[in-house]
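Peer 1: dropping the sequence and predicted coords here.
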Amino acid sequence: MQFDTEAVWPLRMLNGSGHEAYLVGGCVRDALMGLAYKDVDIATSADPQAVTGVFEALGSAVLPTGLKHGTVTVRRADRSFEVTTYRIDGAYSDGRHPDDVRFSQNITDDLARRDFTINAMAWSPDAGLVDPFGGRDDARDRVIRAVGEPAKRFAEDALRMMRAVRFSAKLGFEIEPQTAEAIAGNAHGLRNVSLERVSAELVQTVCAEHAERFRLFHELGLLVHFLPELVPMFTPESARQNSPYHVFDIGAHTLLAMTLIPPEAHLRLCMLFHDSGKPFTRSVNRQGYDSFYGHAAVSARMARQALGRLKFSGALIHKVAKLVSLHDALYKPDRVALKRMMGRLGSVPPADWEAVARADALAKNPAKAGEAEAVLRDIHAMLVDVLDSGEAYTLKQLAISGADVQALGASGPAVGKLLSACLAHVIRYPKDNARQTLLRFASERLER
């Protein structure tokens with residue numbers, strides 16, 4: 001295991017003052033697996049006052065970020081280190097935080113309170129790896145296993161159940177059967193977790209390398225407690241009923257589409273919701289195939305409601321809903337349809353729409369990926385040409401303004417309607433986006 005000199009520096013300083021200190025948690029797990037680690041957390045036998053004294057004497061800033069739980073944050077140059085005293089947690093009456101903590105002098109006591117074995121390891125230059133619960137073996141075997149009794153761990157903090165799925169999605173690990181069983185048996189506890197914490201875990205899961213493991217939320221009974229709108233997508237019967245001719249697995253398509261788009265929150269969430277309205281708009285056409293008329297609008301509405309409930313920002317919700325509503329707006333290179341769609345995108349970048357359209361198209365039939373890619377290349381070339389040519393697709397790009405239309409005699413709602421008519425005209429006939437031409441067009445419309 002290798003750690004950079006700066007990461008080890010706090011341990012050396014605490015050791016030099018007569019205290020034990022270890023790197024703990026995610027950084028140890030990632031280093032053990034040969035992955036890049038990010039945040040460095042430290043556990044020590046020193047109490048917060050002693051930690052503060054050690055580092056302030058060295059000229060470092062020390063912030064009392066969690067004194068109740070024994071944590072201070074040490075700042076050195078451009079890095080921050082959370083340093084927490086070994087502790088034993090009391091009862092978790094709120095299902096989130098321990099009611100009280102007792103400081104300890106034993107690193108094993110501290111590791112015993114952690115969620116999963118792969119996160120319950122410690123390391124120091126002198127002692128090497130401390131692994132009382134078999135985290136090294138579970139990392140080797142690619143297993144997520146609760147420390148101690150699984151049901152107790154999840155009763156302490158129900159969010160740990162979502163974390164199990166998140167680590168599965170991040171690392172590609174399987175959830176150990178007893179741990180999975182305990183999640184299924186305690187899934188209802190998720191209702192007591194703050195929505196902000198739930199949304200944070202959701203984003204990390206859908207943006208993970210193995211985002212298709214989002215399905216575990218449904219299989220373990222968690223999904224119904226934070227995104228009940230999506231449950232029908234992952235219920236096979238709902239995808240098959242009334243259609244003996246064609247089976248469309250909405251859930252499988254959704255999960256594949258998520259993995260085919262860059263791991264940015266608004267893009268991954270868009271793919272998660274883009275077909276969420278299909279179970280509610282499904283019918284069978286004359287040929288006996290599934291038909292989902294109007295599902296994009298329904299899916300966008302569901303995305304707005306669900307993400308709003310989970311306290312996501314208005315800006316993110318707007319992007320997701322807009323992309324969901326337009327994800328299937330164009331199936332072939334059609335210049336007029338493309339410009340209409342671009343106008344509806346508003347402030348959302350066309351590149352985001354392209355990414356969404358590509359993921360959706362490739363996930364529909366991977367066997368025909370080459371055909372889909374060819375169509376997408378043609379659409380991209382057309383989009384670039386529209387942008388380069390300066391052709392109008394928004395009201396702001398028109399050669400006339402609302403004041404011009406009012407000067408012709410229009411007033412009230414008629415002004416907007418007339419400008420929209422002008423835009424529709426120049427989208428079809430781009431060369432007519434000239435002031436005199438549009439004034440004549442608008443005047444003729446007013447006289448009708």
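Peer 2: Alright, I've got the coordinates. Everything numeric in this text was worked out from a predicted model, so none of it was measured.

Peer 1: His188 - nearest residue in space that isn't next to it in sequence?
Peer 2: Distance criterion C-beta to C-beta, 6 or more residues apart in numbering; nearest residue to His188, sequence neighbours excluded, is His225 at 6.7 Å. (Each C-beta comes from the backbone N, C-alpha and C, glycine too.)

Peer 1: nope, Gly25 is what I was after
Peer 2: Asp41 (4.8 Å).

Peer 1: let me see the confidence value for that neighbour.
Peer 2: Looking at Asp41, its pLDDT stands at 95.

Peer 1: these two touch, right, the residue nearest to His188 and Leu195?
Peer 2: No - with contact defined as C-beta atoms under 8 Å, His225 does not reach Leu195; the gap is 11.2 Å.

Peer 1: compare the two (neighbour count), which wins?
Peer 2: His225 (19 against 13; other C-beta atoms under 10 Å).

Peer 1: residues in contact with that one?
Peer 2: His225 is in contact with Ala187, His188, Leu190, Arg191, counting by C-beta atoms under 8 Å, 6 or more residues apart in numbering.

Peer 1: now Leu272
Peer 2: Counting by C-beta under 8 Å, 6+ apart, the residues that Leu272 touches are Val206, Phe214, Leu230, Thr254, Met258.

Peer 1: and the gap between the closest residue in space to Pro279 that isn't next to it in sequence and Ala252?
Peer 2: Distance criterion C-beta to C-beta, 6+ apart; nearest residue to Pro279, sequence neighbours excluded, is Pro232 at 3.8 Å. Note on Pro232: its distance to Ala252, by C-beta to C-beta, to the nearest Å, is 14 Å.

Peer 1: likewise Glu219?
Peer 2: Counting by C-beta to C-beta, the gap from Glu219 to Ala252 is 13 Å.

Peer 1: returning to that earlier point: if you rank the contacts of His225 by neighbours, which is first?
Peer 2: Leu190 leads the contacts of His225 on contacts (other C-beta under 10 Å) with 24 neighbours.

Peer 1: touching, that one and Met161? I think so.
Peer 2: Yes - the criterion here is C-beta under 8 Å, and Leu190 meets it with Met161 at 6.3 Å.

Peer 1: show me the common contact partners of those two, please.
Peer 2: With C-beta under 8 Å, 6+ apart, Leu190 and Met161 have common neighbours Leu222.

Peer 1: so what's the closest residue in space to Ala303 that isn't next to it in sequence up against?
Peer 2: Of all residues not flanking Ala303 in the chain, Phe273 sits nearest, at 3.9 Å (C-beta to C-beta, 6+ apart). Neighbouring residues of Phe273 by C-beta under 8 Å, 6+ apart: Leu230, Ser299, Ala300, Met302, Ala303, Ala306, Val320, Val324.

Peer 1: okay, now Val101: neighbour count?
Peer 2: Under the criterion other C-beta under 10 Å, the count of neighbours that Val101 has is 17.

Peer 1: list phi and psi for the nearest residue to it once chain neighbours are set aside.
Peer 2: Nearest non-adjacent residue to Val101, counting by C-beta to C-beta, 6+ apart: Arg87, 4.5 Å away. Dihedral pair for Arg87: phi -150, psi 160, per degrees, to the nearest 10.

Peer 1: does Arg87 really touch Asn106, like I thought?
Peer 2: No - in terms of C-beta under 8 Å, Arg87 does not count as a neighbour of Asn106; the distance is 10.2 Å.

Peer 1: neighbour count winner among the two?
Peer 2: Neighbours of Arg87 and Asn106, each counted by other C-beta under 10 Å, are more numerous for Arg87; the result is 19 against 12.

Peer 1: just say helix, strand or coil for Leu63.
Peer 2: At Leu63 the chain is in strand, as set by DSSP: H, G, I helix; E, B strand; the rest coil.

Peer 1: next: the one 10 residues further on.
Peer 2: Secondary structure assignment for Thr73 (three-state DSSP): strand.

Peer 1: partners of it in the sheet?
Peer 2: In this entry, Thr73 is beta-bridged to Leu63, Glu82, by DSSP bridges.

Peer 1: number of residues surrounding it?
Peer 2: 16.

Peer 1: same thing with the one 5 residues further on?
Peer 2: Around Asp78 sit 6 other residues, with neighbours defined as other C-beta under 10 Å.

Peer 1: remind me, longest helix of this structure?
Peer 2: Taking DSSP state H as the criterion, the chain has its longest helix at helix 369-389.

Peer 1: I appreciate the help and will end here.
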